[in-house]
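Asker: just the structure for this:
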Amino acid sequence: MNFQHTEDRRMLADTLNRFVAEQYGFATRDTIARSAEGFSADMWRRFAELGVIGALFPEAQGGFGGAGFDVSVVFESLGRGLVVEPFLDTLIVGRALAHAGNEAQQAHIASLIDGSQIAAFAHDEPGSHYEASRVTTRAAKHGGGWVLNGAKGVVQHAEHADLLLVSARTASGKSGERGDAFDEAGISLFLVPRNAAGVGVRGYRKIDGGRAAEVALNDVQVGADALVGAEGSGFATLEHATGYGLLALAAEAVGAMEVARDNTLDYLRTRKQFGVPIGSFQALQHRMADLLLEIEQARSAVINAAAAIDAPRHERERALSAAKYTIGRIGARVAEESIQLHGGIGMTWELPLSHYAKRLVMIDHQLGDEDHHLARYIALGRPVSPQPEGARDGT
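Answerer: Residues are numbered from 1 along each chain as shown. Predicted structure coming up:
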């Protein structure tokens, strides 16, 4: 496997890294993250003008990238700057629309790419425990459209979103009746305007910066054209779209780890004890060496996931869960070690390191934590039913 990025990707990474370093310094980021909006509309427009959002989508959808390595390059740079703008939900919603949306729904992707619309992914529910198929929100046919009832939790940027991609249960698909909360069959996706009657949004600040919200759906009426894809077949689209989200989060974590590593190395070289830099102490050198090896292992897991993003389902999902598990485990260790090597100053709000540590911990809890993806990886590794001769295992 060739681990070298193409010239276009190197140029994209250089441009984005330079923009983040010069225009999105920690003081600027901290102000944006603690603002009432939780992101900067001006920065979002500037990211769009740079083509950063377009790099997340293929040419067929109006972008100019869209491959797994394009996504990883962008999010690694975003992780270095702790960028709080709505890149993740834009990626997930856009990929879902590209995968199953009709022509009118896919037309929204152009508005996402140019930054004129913001979309939020409203899928997680209270008590779901990261299970993607656990959907209790209900959608019932009403006249020529649908009525949605339920609740969604931790919806990023929901307060300022124009559109919500909402998952709801319509039927099990097995017997024609409504399925239980864990059936993969019977889940449908709906594109709902945030300002639709019956949509309630209660926003709050997140511990790692930015804002999220709890979304209540009380007799929300939408037309038939709000249904994304075929009725009851939304799980495959969910898995496809969140797969890109998992890759994005893993790459973002690698970027954040690199900054935490560099900051810690600088501190070890400058902080003196007994008249010498503490980085000269062999015990601390061994701890940093172990940490550097762990970060490289995390990078390898992201590379593997990026390479497998277009592979058959079984291979793709195992690579994504392996990457998310690795990122969760190593991210927590990088956060802990970096703070311990800094001493008490590592926990102060004024030091950027503490914010990188918080972000690494919170990345573990998005789209499934370390324990969830370890169990999923093991389950995906179990023997599958025999395939016809010549077919690939797990496809």
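Asker: pLDDT below threshold where in the chain?
Answerer: Judged by pLDDT under 70, the chain has its weakly predicted residues at 1-3, 172-181, 382-395.
Asker: ok, now which ones touch the most centrally placed residue in it?
Answerer: The structure's the chain has its C-alpha centroid closest to residue 245; by Cα atoms, centre = their mean the separation is 3.8 Å. Counting by Cβ atoms under 8 Å, 6 or more residues apart in numbering, residue 245 touches 88, 91-92, 121, 366-367. In short, each C-beta sits where N, CA and C put it, glycine included.
Asker: is it true that it lies in a helix?
Answerer: Yes. Counting by DSSP: H, G, I helix; E, B strand; the rest coil, residue 245 is part of a helix.
Asker: got a list of what the residue nearest to it when sequence neighbours are not counted touches?
Answerer: Excluding the flanking residues, the one nearest residue 245 by Cβ to Cβ, 6 or more residues apart in numbering is residue 92, at 4.6 Å. When contacts are counted by Cβ under 8 Å, 6+ apart, residue 92 touches 121, 165, 241-242, 244-245.
Asker: of the residues you listed, which pair is most distant in space?
Answerer: Comparing every pair within the contacts of residue 92 by Cβ to Cβ identifies 165 and 244 as the most remote, at 13.4 Å.
Asker: which one's more surrounded, those two?
Answerer: Counted by other Cβ atoms under 10 Å, residue 165 and residue 244 do not tie: residue 165 has more neighbours, with 28 against 23.
Asker: dump the residue contacts of that one.
Answerer: Each residue near residue 165 by Cβ under 8 Å, 6+ apart is listed here: 92-93, 96-97, 119-123, 189-192, 228.
Asker: my read: residue 279 touches residue 285, true?
Answerer: Yes. Assessed by Cβ atoms under 8 Å, residue 279 is found in contact with residue 285 at 6.9 Å.
Asker: ok, those two, which is more surrounded?
Answerer: Between residue 279 and residue 285, counted using other Cβ under 10 Å, the more crowded position is residue 279 (18 against 13).
Asker: confirm that the more buried one sits in a strand.
Answerer: No. Counting by three-state DSSP, residue 279 is not found in a strand; it is helix.
Asker: skipping adjacent residues, who's closest to it in space?
Answerer: Nearest non-adjacent residue to residue 279 (Cβ to Cβ, 6+ apart): residue 268, at 3.3 Å.
Asker: name the SS class of that neighbour, please.
Answerer: Residue 268 is classified as helix under three-state DSSP.
Asker: that one: how many residues sit nearby?
Answerer: By other Cβ under 10 Å, the residues close to residue 268 number 19.
Asker: list the contacts for it?
Answerer: Contacts here follow Cβ under 8 Å, 6+ apart; on that basis residue 268 touches 277-279, 284, 288, 341.
Asker: between these, which has the most around it?
Answerer: Tallying neighbours with other Cβ under 10 Å puts residue 341 at the head of those, with 21 neighbours.
Asker: what segments of the chain are helices?
Answerer: Using DSSP state H, the helices of the chain run over 7-23, 26-33, 41-50, 68-81, 87-100, 103-113, 234-270, 282-308, 313-342, 352-364, 370-380.
Asker: nearest to residue 200 among these would be which one?
Answerer: The closest of the helices of the chain to residue 200 is helix 87-100. By Cβ to Cβ, the value is 18.8 Å.
Asker: tell me how far the closest residue in space to residue 115 that isn't next to it in sequence lies from residue 182.
Answerer: In this structure, residue 115 finds its nearest non-sequential neighbour in residue 48, 3.3 Å apart by Cβ to Cβ, 6+ apart. Separation of residue 48 from residue 182 (Cβ to Cβ, to the nearest Å) stands at 38 Å.
Asker: what of residue 8?
Answerer: Using Cβ to Cβ, residue 8 is found at 42 Å from residue 182.
Asker: now do residue 152
Answerer: Distance, residue 152 to residue 182, by Cβ to Cβ: 17 Å.
Asker: I'd say residue 51 and residue 70 touch.
Answerer: No. Residue 51 is beyond contact range of residue 70, at 11.0 Å (criterion: Cβ under 8 Å).
Asker: quick one: residues contacting residue 8.
Answerer: Going by Cβ under 8 Å, 6+ apart, residue 8 touches residue 65.
Asker: if we go to 10 Å?
Answerer: With contact taken as Cβ atoms under 10 Å, 6 or more residues apart in numbering, residue 8 is in contact with 55, 64-65, 70, 73.
Asker: could you dump the contacts of residue 268 into JSON lines with distance to residue 84 added?
Answerer: Formatted as JSON lines, the contacts of residue 268 follow (distance: Cβ to Cβ, whole Å):
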{"residue": "277", "distance to residue 84": "34"}
{"residue": "278", "distance to residue 84": "33"}
{"residue": "279", "distance to residue 84": "32"}
{"residue": "284", "distance to residue 84": "32"}
{"residue": "288", "distance to residue 84": "29"}
{"residue": "341", "distance to residue 84": "26"}
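Asker: of those, which is the nearest to residue 208?
Answerer: For the contacts of residue 268, the residue nearest residue 208 by Cβ to Cβ is residue 341; the value is 20.9 Å.
Asker: wait, isn't the closest one in contact with residue 290?
Answerer: No. Taking Cβ atoms under 10 Å as the definition, residue 341 is not a contact partner of residue 290, at 11.6 Å.
Asker: what is the neighbour count of residue 78?
Answerer: Counted by other Cβ under 10 Å, the residues lying close to residue 78 total 24.
Asker: how close does it get to residue 238?
Answerer: For residue 78, the distance to residue 238 - Cβ to Cβ - is 23 Å.
Asker: residue 322 too?
Answerer: Distance, residue 322 to residue 238, using Cβ to Cβ: 20 Å.
Asker: if we can go back for a sec, can you flag which of the contacts of residue 165 belong to strands?
Answerer: Among these, the residues falling in strands (DSSP state E) are 119-122, 189-192, 228.
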